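> everything below, folded, please.
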Amino acid sequence: MEASIIRNPFSFPLFFNLLFISISLASSTNTSTTSLKISKQFIKTSCSSTTYPGVCYKSLSSYASKVQTSSLKLANVALTVSLQAARNASSNITVLLEQKGITRMETSIVKDCIDDFGDGIDELKQSLQEFKSLGGGKDVDFQLANIKTWVSAALTDEYTCSDGFEGQKVSSSLKNQINNTILDVAKITSNALALINKLSASDIKKS
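From the prediction side, this is the model:
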């Protein structure tokens, strides 16, 4: 008697379903990887026109999936990163007040610096708020002008932080710590301003 062969009627459909899912996932992954590469290249190219392109790409490339290839989104992200950098800088400078041996003069200078950063943070917040309402029946050129003015003012406030050192006896250690902090955040803000300056009304319409 011939042995009967039992076939699973579901084996082939199941196999092809799994194969289809596997191919689809692989295709999706490849597409995602390609899109990410394109976005990162877009950010790198955009950053090449800023004052500090290396800092620009390093601070923004991790947001590639969010930016995609949108100049508006890139400028918005750059501004958000600038605000966070300013907040971090303010916190780092505030900690300096706890240093041992800090003089009254140095304390006064650090506090003035913290106030300057506070003003800059407020201006960056205003800029981001204006970004949220770009377009929407409003005069885009006027809105962009306001954003540029606020970011420029924030950049000025960041650099103003070091003005208190002029003609004052301040320890080189404290001065270097503050100057390095200022320079780091000012580079990021400067880059954000450069990206914003490149925006036009047509970029808003594309979003």
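
> okay, buried residues for stretch 117-136 please.
By 16 or more other Cβ atoms under 10 Å, the buried positions in stretch 117-136 come out as 117, 120-121, 123-124, 126-128, 130-131, 134. Using the backbone N, CA and C atoms, a C-beta is placed for each residue, glycine as well.

> CA-only coordinates of it, as PDB, when you get a sec.
Output in PDB follows, covering the C-alpha atoms of stretch 117-136 (Å, rounded to 0.1, in the frame of the first residue of the first chain):
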ATOM      1  CA  PHE A 117      21.300  85.500  28.100                       C
ATOM      2  CA  GLY A 118      17.800  85.800  29.600                       C
ATOM      3  CA  ASP A 119      17.000  88.600  27.100                       C
ATOM      4  CA  GLY A 120      18.500  86.500  24.300                       C
ATOM      5  CA  ILE A 121      16.400  83.500  25.300                       C
ATOM      6  CA  ASP A 122      13.200  85.600  25.300                       C
ATOM      7  CA  GLU A 123      14.000  86.900  21.800                       C
ATOM      8  CA  LEU A 124      14.600  83.400  20.500                       C
ATOM      9  CA  LYS A 125      11.300  82.400  22.000                       C
ATOM     10  CA  GLN A 126       9.600  85.200  20.200                       C
ATOM     11  CA  SER A 127      11.200  84.100  17.000                       C
ATOM     12  CA  LEU A 128      10.000  80.600  17.400                       C
ATOM     13  CA  GLN A 129       6.500  81.800  18.200                       C
ATOM     14  CA  GLU A 130       6.500  83.800  15.000                       C
ATOM     15  CA  PHE A 131       7.600  80.800  13.100                       C
ATOM     16  CA  LYS A 132       4.400  78.900  14.200                       C
ATOM     17  CA  SER A 133       2.300  81.500  12.500                       C
ATOM     18  CA  LEU A 134       4.300  82.100   9.300                       C
ATOM     19  CA  GLY A 135       1.900  82.600   6.400                       C
ATOM     20  CA  GLY A 136      -1.600  82.100   7.500                       C
END
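
> ok, and the closest non-adjacent residue to Ser152?
Using Cβ to Cβ, 6 or more residues apart in numbering and skipping the chain neighbours, the partner closest in space to Ser152 is Leu193 (6.3 Å).

> and the strand or helix carrying the one you found, what does it pack against?
For Leu193, the enclosing helix or strand under DSSP states H and E is helix 172-197. Using 3 or more Cβ pairs under 8 Å, 6 or more residues apart in numbering; DSSP states H and E, the elements in contact with helix 172-197 are helix 11-47, helix 53-60, helix 71-95, helix 104-132, helix 140-160.
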